[in-house]
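S.K.: build me a model:
(one chain, ligands or ions: 1)
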Amino acid sequence: MRFAVIEGNGIGPELVKATKEVIAATGLTVEWINVPVGDPAYEKYGHPLPQESVKQLKELKVILKGPLSVERGRGRTTCIHEDGSEHTYPSINNAIRRELKLFVAPRPIRGYPGISGKHADMDVVIMREITEGIYVGWEHQIGDCAAQAIKLATREAVERLTKYSFEYARKHNRKKVTCVHKANALSITDGFFLKCFLETASQYPDVPYDDNFVDATAFNLAKFPKKYDVIVTDNQYGDILSDLAGGLAGSLGIAPGANIGEEVAMFEATHGSAPDIAGKGICNPISLILSGAAMLAHVGQTGAAKRIEEGVRNVLTEASVLTPDLGGTATTAQIVSEIIRRMPA
Ligand code: NAD
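M.R.: Got it, this is the predicted structure:
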């Protein structure tokens, strides 16, 4: 098995190291290939996402990624393709997803009895569209008196997202799919998103579905989390709701994620590079460890994936060895040892 690795920055390298250790403990032999993106790419190629790295990532197809910081107000990244064409993306993370043609970020976020209080039985998968919405990158400054962003919803992207979500619901025996939107305020763009969702959903009569406004969804997730199973939503709502769900479960440090395309799949945590705790050895590695388990399941190693998930579940349910984000005093290394110790044989 060969996986590409983007180490990221902030807590990225600590998370990647922890995830590699847990995967090694399953007994699988893995070749990890570091691909320069961000600062290492800038040093080598003079660009944070050079086409050399994009090409390598496309060839390797399955990627483990640490988070990458984006400077506030200065994140826009322009990629120059081999044919001379250019595309400007709102951030390096958006650029990676779109250069690799990844279209959906499934974020399975669940509670655990030991740490999540009344969200212990929350179990949602947020399907975030990752190619368009308000993050499409069409922003304009209008002199010094205004700034404007354009939101995009295309039939192709919404149908692809919806199909993926219903297929996922069928495969994973999920009970309901909910489209989350704001079609009352954005009647044209979100109205179209909802229309395309409903048309596609009608092709899956065996899976119940409904829809909900995004503000009501935020309230319901906090108050009645069991209302939701699979959530289908646009780029920005999915970005925000997945952080909310992570917080409700107990910490962003337990929120895994993936970015899926037709050819390439990239596995990364829901959260960012957490510069406030980087380098201290106390970040919670579970978010990327669970993303790594999803990566193993993606390549057919479901046995190893389940063992890792079970090890994590045991540690979180018992709640005696926890990192500071969950109220404990354990280090990242101690959590890794504990997960390995609590993994079934
Ligand atoms: P963040 O998600 O990095 O951190 C928010 C809070 O959660 C912080 O208090 C942090 O300490 C905590 N946290 C996050 N992950 C944790 C973990 N594994 N263990 C323990 N605590 C954890 O959000 P931010 O501070 O707004 O962003 C930091 C940087 O990350 C920014 O530059 C942002 O643009 C970038 N970012 C990157 C990605 C990505 O790579 N996909 C996603 C989101 C943000």
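S.K.: ok, the closest residue to the ligand within the stretch 101-250 of the chain - contacts?
M.R.: Nearest to the ligand, among the residues of the stretch 101-250 of the chain, is Asp243, at 7.0 Å (C-beta to the nearest ligand atom). C-beta here means a position set from N, CA and C on the backbone, and glycine is covered the same way. The contact partners of Asp243, by C-beta atoms under 8 Å, 6 or more residues apart in numbering, come to 252, 255, 270-271.
S.K.: tell me where the protein has strands.
M.R.: Assigned by DSSP state E, the chain shows strands spanning 2-6, 31-34, 62-65, 77-80, 86-89, 102-110, 123-129, 139-142, 146-149, 177-181, 209-213, 230-233, 258-261, 265-268.
S.K.: now those in TSV, with distance to the ligand and mean neighbour count?
M.R.: Shown next, in TSV, are these (distance: least, C-beta to the nearest ligand atom, whole Å; neighbours: other C-beta atoms under 10 Å):
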stretch	distance to the ligand	mean neighbour count
strand 2-6	9	20
strand 31-34	17	12
strand 62-65	7	24
strand 77-80	12	16
strand 86-89	13	14
strand 102-110	9	23
strand 123-129	11	25
strand 139-142	16	10
strand 146-149	17	10
strand 177-181	19	26
strand 209-213	24	17
strand 230-233	17	27
strand 258-261	9	20
strand 265-268	6	23
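S.K.: now these as CSV including mean pLDDT?
M.R.: Below are the strands of the chain laid out as CSV (pLDDT from 0 to 100):
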stretch, mean pLDDT
strand 2-6, 98
strand 31-34, 98
strand 62-65, 98
strand 77-80, 94
strand 86-89, 94
strand 102-110, 98
strand 123-129, 98
strand 139-142, 95
strand 146-149, 97
strand 177-181, 98
strand 209-213, 98
strand 230-233, 98
strand 258-261, 98
strand 265-268, 98
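S.K.: are any of the contacts of Asp243 buried, and which?
M.R.: 252, 255, 270-271 (16 or more other C-beta atoms under 10 Å).
S.K.: show me which of the residues you listed is closest to Thr323.
M.R.: Leu252 (11.5 Å; C-beta to C-beta).
S.K.: separation between the closest one and Gly114?
M.R.: Computed as C-beta to C-beta, to the nearest Å, the Leu252 to Gly114 distance reads 17 Å.
S.K.: got it, and Lys176?
M.R.: 27 Å.
S.K.: same deal with Leu198?
M.R.: Separation of Leu198 from Gly114 (C-beta to C-beta) stands at 39 Å.
S.K.: and if you look at Pro106?
M.R.: 25 Å.
S.K.: pretty sure Asp239 contacts Ile126?
M.R.: No - look at Asp239 against Ile126 with C-beta atoms under 8 Å: they stay out of range, at 9.4 Å.
S.K.: quick check: Asn173 vs Leu296, distance?
M.R.: 20 Å.
S.K.: ok, the residue in the stretch 151-300 of the chain that the ligand sits nearest to - contacts?
M.R.: Nearest to the ligand, among the residues of the stretch 151-300 of the chain, is Gly272, at 2.3 Å (C-beta to the nearest ligand atom). The contact partners of Gly272, taken as C-beta under 8 Å, 6+ apart, are 10, 67, 69.
S.K.: rerun at 7 Å
M.R.: Counting by C-beta atoms under 7 Å, 6 or more residues apart in numbering, Gly272 makes contact with Pro67.
S.K.: can you check Met343 too?
M.R.: 25, 307-308, 310-311.
S.K.: ok, Leu290 - how many residues close by?
M.R.: Residues lying near Leu290 (other C-beta atoms under 10 Å) number 26.
S.K.: what of the one 5 residues further on?
M.R.: One way to gauge burial is a neighbour count; for Met295, by other C-beta under 10 Å, it gives 26.
S.K.: near the ligand, which residues of the stretch 51-200 of the chain are found?
M.R.: Within the stretch 51-200 of the chain, the positions near the ligand by C-beta under 6 Å from any ligand atom are 67-70, 93.
S.K.: repeat the analysis, applying 8 Å as the threshold.
M.R.: With the criterion set to C-beta under 8 Å from any ligand atom, the stretch 51-200 of the chain comes near the ligand through 65-72, 75, 91-93.
S.K.: okay, now the domains of the protein?
M.R.: Following automatic domain parsing, one gets these domains for the chain: 1-105+252-345, 117-249.
S.K.: gap between the two ends of the shortest one?
M.R.: The one in question is domain 117-249. 8 Å (C-alpha to C-alpha, to the nearest Å).
S.K.: before we move on, what about the longest one?
M.R.: Using C-alpha to C-alpha, the span of domain 1-105+252-345 from its first residue to its last is 21 Å.
S.K.: list the contacts for the closest residue to Ala278 other than its chain neighbours?
M.R.: Excluding the flanking residues, the one nearest Ala278 by C-beta to C-beta, 6 or more residues apart in numbering is Gly10, at 4.2 Å. Taking C-beta under 7 Å, 6+ apart, we find Gly10 in contact with 67, 69, 273-275, 278.
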